[in-house]
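S.K.: curious how this folds, go ahead:
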Amino acid sequence: MGKLGWSLLILCMTAAGGYAAWRSRDLWLGFGVWCLFVPPLMAATFQVIGEWHRNAYWRMINTCLVMNLVGVAALGVVVLGLAWVVIVVTRQWSEQLAVRAVIGAALGATAGGLALLYAKAR
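M.R.: Predicted coordinates for the structure are as follows:
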């Protein structure tokens, strides 16, 4: 992944952590939890469109589409796991929503930064 990809991943994890801490137990109610899947889904869509412009063969587009859908599902599971951990941890630290949201965003940014460090380390 390039710098833009890593920046978007860290931003997505930061937003997921802050949103999960803000909503707490109500995260799983409604359609708000599905909004955590939007950034990876948009990135996958742009990648499939780019592949279609580069190579118009249907077989290549199908392969790229399947690979991106698996990637979106995997990243979505990671983001939902991070949201669950943030909910459990921040509930113990503070009762105020704003404090939990800031702590959750910091935890999400830390998780993204650690993923970047792990990927760049030898």
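S.K.: what mean pLDDT would you report for the helix or strand harbouring L107?
M.R.: Take DSSP states H and E as the rule and L107 turns out to sit in helix 97-120. Mean pLDDT, helix 97-120: 82.
S.K.: buried residues of that helix, list them for me.
M.R.: For helix 97-120, burial by neighbour count (16 or more other C-beta atoms under 10 Å) applies to 100-109, 111-112, 116. Bear in mind the C-beta positions are built from the backbone N, C-alpha and C, glycine included.
S.K.: just how off-centre is it within its chain?
M.R.: 11 Å (C-alpha atoms, centre = their mean, to the nearest Å).
S.K.: stretch 106-121 too?
M.R.: Relative to its parent chain, stretch 106-121 has a centroid offset of 12 Å by C-alpha atoms, centre = their mean.
S.K.: which residues are contacting that stretch?
M.R.: Under the contact criterion C-beta atoms under 8 Å, 6 or more residues apart in numbering, stretch 106-121 has outside partners 1, 6, 9-18, 21, 82, 85-86, 89-90.
S.K.: give me the buried entries from these.
M.R.: 6, 9-10, 12-18, 21, 82, 85-86, 90.
S.K.: report how many residues lie close to the nearest residue to A44 once chain neighbours are set aside.
M.R.: Sequence neighbours aside, N68 is the residue nearest to A44 in space, at 3.6 Å (criterion: C-beta to C-beta, 6 or more residues apart in numbering). By the measure other C-beta atoms under 10 Å, the count of residues near N68 is 19.
S.K.: list the contacts of N68.
M.R.: 44-45, 47-48.
S.K.: go again using 6 Å as the cut-off
M.R.: Residues near N68 by C-beta atoms under 6 Å, 6 or more residues apart in numbering: 44, 47-48.
S.K.: of the residues you listed - the most surrounded one?
M.R.: Going by other C-beta under 10 Å, A44 tops the contacts of N68 with 19 neighbours.
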